[in-house]
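J.: A structural model of the following input is requested.
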Amino acid sequence: MKEIVVIGGGWAGCAAAIAAKKAGAKVTLLERTDLLLGLGNVGGLTRNNGRYTAAEESILLGGRELFEITDRCSRHRNVDFPGHKHASIYDVNLVESEVRKKIEEMGIEVLFYTTAKNVEMENSRIKAILLDEGKKITGDAFVETTGSTGPMNNCHKYGNGCAMCILRCPTFGGRVSITEKCGIKDRMGRRKDGNYGSFSGSVKINKETLSEEIQQKLNKEGVAIIPLSPEERNTEKLNIKICQHYALDAFAENIVLLDTGHAKLMAPYYPIEKLRKIKGFERARFEDPYSGGVANSIRHLSIAPRENTMRVREVENLFVAGEKSGFYIGHTEAMVTGYLAGHNSVRYALNLPQVQLPDTLAIGDFIAYSNEKMYEPEGDKLKFTFAGSVYFERMKETKLYSIDREELFSRVEKTGLIGLYDEKLC
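T.: Numbering: from 1, shown residues only. Model prediction:
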């Protein structure tokens, strides 16, 4: 039996592990913290705008498990808010345990409290991953999904300091780039002003610290929009956000809250003394990051050069997914790249041709287009997501954006790839 090692237990890593297991491999998933999903524990948004298209394509390709969980855990469905339509908002307090249960049921071994520290190379292949205390783990192929946030010194260097986010680097140690340990130079993203990195785009407020009126509106409708006075507005923050699809004037002119179990405030940070002067927020307290009044995590600092099969250039048996594989934003983006990376890692181990999804699918076009554009001049300032900005505009122009399930079935059926990830290869 072929052995696949997935490094990083976020949405991309879980998708990769599931895909590799379904293909017939023995799978070990390494996670440095005590929770799966990483930033997925504080996110909550799926199916908004073109993410609906990508989710349905993935389900048809056989990558359904994680979307079934987020759908099942959704507190609200078909929600509209500025710039976004038909969103589902999952409960961040419930989703991790559901994913962990699925991973365990599938027989995927998860090693928590485990950081991949280095690699042992043999020519252009990884022979083993070196762990804590001199331990090592071998495999036929490896998938790195360590994301692009941390370690702490990066948030200090490129942001406003460690914001004490869900990734908890002070407790579990920072992210280690396996591609750089292989001798590959990672790429860093830049903001519009040329500075490196992007601030995570939202903070979480304990919903019970908000007024009864705001709580009721969130519980009933899933979204609450609170207008700001001219002196309370700050348009400069729009340029530093990773989520440029939320960098609309409406997000500077209003406080936009989404109900993820907590109240997701669509701003990278918000000074607590200013927030508490707004009616309904007098008792507001942050849930994540805890220093959300002054900072947030810094992302897009570690992107690996890769092929459109998700294989890393110059390393034969290493694949990447999620933010590690592009200037990506979002859980859907992590899942769809993870499913492909996991599936192709098994194909590599079996000496089978690797799959490159065609550009007639939104997922295939997204993976190829973003990979091309990020290396063009100023390409390191672009952000790619199915939900907005550069790529969603392309989806609409190329008519890849659709919420018609019959149309999407026909689209995937024409590629001959229905159930691709359900195929047992070994």
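J.: mind checking which helix or strand of the chain has the lowest mean pLDDT?
T.: Using mean pLDDT, DSSP states H and E, the weakest-scoring helix or strand in the chain turns out to be helix 250-253, at a mean of 81.
J.: give the pairing partners of the next helix or strand after it; include direction for each.
T.: Downstream of helix 250-253, the first helix or strand assigned by DSSP states H and E is strand 254-259. In the sheet, strand 254-259 lines up against strand 223-227 (antiparallel), strand 263-265 (antiparallel) (DSSP bridges).
J.: returning to what we had before: can you pull the buried residues of the least confident helix or strand of the chain?
T.: Neighbour counts using 16 or more other C-beta atoms under 10 Å place 251-253 of helix 250-253 among the buried residues. All C-beta atoms are positioned from the backbone trio N, CA, C, and that covers glycine.
J.: about what we covered before: reformat the strands paired with strand 254-259 into CSV and put distance to residue 170 next to each item.
T.: Below are those laid out as CSV (distance: least, C-beta to C-beta, whole Å):
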stretch, distance to residue 170
strand 223-227, 32
strand 263-265, 23
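J.: count of neighbours near the residue nearest to residue 24 when sequence neighbours are not counted?
T.: Leaving aside its sequence neighbours, residue 24 sits nearest to residue 426 (C-beta to C-beta, 6 or more residues apart in numbering; 3.9 Å). The number of residues packed near residue 426 is 13, by other C-beta atoms under 10 Å.
J.: average pLDDT for the longest helix seen in the chain?
T.: Ranked by residue count, the top helix of the chain under DSSP state H comes out as helix 331-349. Across helix 331-349, the average pLDDT comes to 98.
J.: which other helices and strands contact that helix?
T.: Applying 3 or more C-beta pairs under 8 Å, 6 or more residues apart in numbering; DSSP states H and E, one finds that helix 331-349 contacts strand 3-7, helix 11-22, strand 45-46, helix 50-61, helix 65-72, strand 141-144, strand 318-320, helix 362-373.
J.: got these as CSV, with mean neighbour count, mean pLDDT and distance to residue 284 columns?
T.: Output for those, formatted as CSV (neighbours: other C-beta atoms under 10 Å; pLDDT from 0 to 100; distance: least, C-beta to C-beta, whole Å):
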stretch, mean neighbour count, mean pLDDT, distance to residue 284
strand 3-7, 27, 98, 37
helix 11-22, 31, 99, 28
strand 45-46, 25, 97, 21
helix 50-61, 25, 98, 29
helix 65-72, 20, 98, 27
strand 141-144, 32, 98, 37
strand 318-320, 31, 98, 38
helix 362-373, 22, 98, 36
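J.: got the contact list for residue 2?
T.: The neighbours of residue 2, taking C-beta atoms under 8 Å, 6 or more residues apart in numbering as the test, are 24-26, 140-141, 346, 349-350, 426.
J.: what's the closest non-adjacent residue to it?
T.: Nearest residue to residue 2 in three dimensions, chain neighbours excluded: residue 349, at 4.0 Å (C-beta to C-beta, 6+ apart).
J.: before we move on, what about residue 33?
T.: Using C-beta to C-beta, 6+ apart and skipping residues adjacent in sequence, the residue nearest residue 33 is residue 172, 4.7 Å away.
J.: let me see the backbone angles for that neighbour.
T.: For residue 172, the backbone dihedrals (degrees, to the nearest 10) come out as phi -110, psi 0.
J.: that one and residue 35 touch, don't they?
T.: No: Residue 172 lies out of contact with residue 35 (C-beta atoms under 8 Å); the separation is 9.9 Å.
J.: on the three-state scheme, residue 128 is what?
T.: Following DSSP: H, G, I helix; E, B strand; the rest coil, residue 128 is assigned to strand.
J.: what residues are up against it?
T.: Contacts of residue 128 by C-beta under 8 Å, 6+ apart are 119-120, 136-139.
J.: good, wrapping up.
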